[in-house]
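Q: Fold the following.
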Amino acid sequence: MCKLLGCPEELTCAFGCLNFMGNPPMISVSCIANCAADGCPAAQFFFDQVANCLLANIGSCGPSISCLMGMCQSEIAACLGKLTCN
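A: Prediction:
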């Protein structure tokens, strides 16, 4: 049985699925889905909140991770607060 991931681990996994350095930038949706699937239900809720915020703000921030993190600061903080699946 696989260990379920907490939200910070899901985010770390998902950020590994992004390649903003390419031309055009690449996002592997299946990779991100796999990261989310490995999370426990409580972690998935917070992961979804971060993912929705990032997607809502990518148009105004572009590939700037620092901009996206600033725009989604509260969602990321809530995710980081969900370290475990207990």
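Q: Ala43 versus the residue lying closest to Cys35 once chain neighbours are set aside, what's the distance?
A: With C-beta to C-beta, 6 or more residues apart in numbering as the criterion, Cys35 has its nearest non-adjacent residue at 3.6 Å, and that residue is Cys13. (C-beta placed from N, C-alpha, C; glycine too.) Using C-beta to C-beta, to the nearest Å, one obtains 11 Å as the distance from Cys13 to Ala43.
Q: where do the contact lists of these two overlap?
A: A shared contact of Cys13 and Ala43, defined by C-beta atoms under 8 Å, 6 or more residues apart in numbering, is any residue touching both; here these are Leu5.
Q: the more surrounded of the two?
A: The residue with more neighbours, out of Cys13 and Ala43 and counting by other C-beta atoms under 10 Å, is Ala43; that gives 24 against 18.
Q: which ones are touching the more buried one?
A: 4-7, 9-10, 79, 82, 85.
Q: any idea of the mean pLDDT for the helix or strand harbouring it?
A: The secondary structure element spanning Ala43 is helix 41-61 (assigned by DSSP states H and E). For helix 41-61, the per-residue pLDDT values average out at 90.
Q: For the residue most central in space within the chain, I want the exact helix or strand it lies within.
A: When C-alpha atoms, centre = their mean is applied to the chain, the residue found nearest the centroid is Leu11 (3.9 Å). With elements delineated by DSSP H and E, Leu11 resides in helix 7-15, which encompasses its position.
Q: orientation of the helix holding Ala43 relative to helix 7-15 in degrees?
A: Computed with axes from the mean of the first three to the mean of the last three C-alpha atoms, to 10 degrees, the direction of helix 41-61 lies at 40 degrees from that of helix 7-15.
Q: which strands and helices sit next to the very next helix or strand once past helix 41-61?
A: Note on helix 41-61: by DSSP H and E, the next helix or strand toward the C-terminus is helix 65-71. Taking 3 or more C-beta pairs under 8 Å, 6 or more residues apart in numbering; DSSP states H and E as contact, the helices and strands that helix 65-71 lies on are helix 41-61.
Q: Grab the CA positions of the helix it packs on and hand them over as PDB.
A: Backbone C-alpha positions of helix 41-61 (Å, rounded to 0.1, in the frame of the first residue of the first chain) are rendered in PDB as follows:
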ATOM      1  CA  PRO A  41      -8.900  13.300   0.900                       C
ATOM      2  CA  ALA A  42      -8.200  16.300   3.300                       C
ATOM      3  CA  ALA A  43      -5.000  17.100   1.500                       C
ATOM      4  CA  GLN A  44      -6.700  16.900  -1.900                       C
ATOM      5  CA  PHE A  45      -9.200  19.600  -0.900                       C
ATOM      6  CA  PHE A  46      -6.400  22.100  -0.100                       C
ATOM      7  CA  PHE A  47      -4.400  21.000  -3.200                       C
ATOM      8  CA  ASP A  48      -7.500  21.800  -5.300                       C
ATOM      9  CA  GLN A  49      -7.800  25.200  -3.700                       C
ATOM     10  CA  VAL A  50      -4.200  26.000  -4.600                       C
ATOM     11  CA  ALA A  51      -4.500  24.600  -8.100                       C
ATOM     12  CA  ASN A  52      -7.700  26.600  -8.800                       C
ATOM     13  CA  CYS A  53      -6.000  29.800  -7.600                       C
ATOM     14  CA  LEU A  54      -2.900  29.200  -9.700                       C
ATOM     15  CA  LEU A  55      -5.000  28.500 -12.800                       C
ATOM     16  CA  ALA A  56      -7.200  31.600 -12.200                       C
ATOM     17  CA  ASN A  57      -4.100  33.800 -11.900                       C
ATOM     18  CA  ILE A  58      -1.800  32.400 -14.600                       C
ATOM     19  CA  GLY A  59      -3.200  34.800 -17.100                       C
ATOM     20  CA  SER A  60      -2.100  37.900 -15.100                       C
ATOM     21  CA  CYS A  61       1.100  36.400 -13.700                       C
END
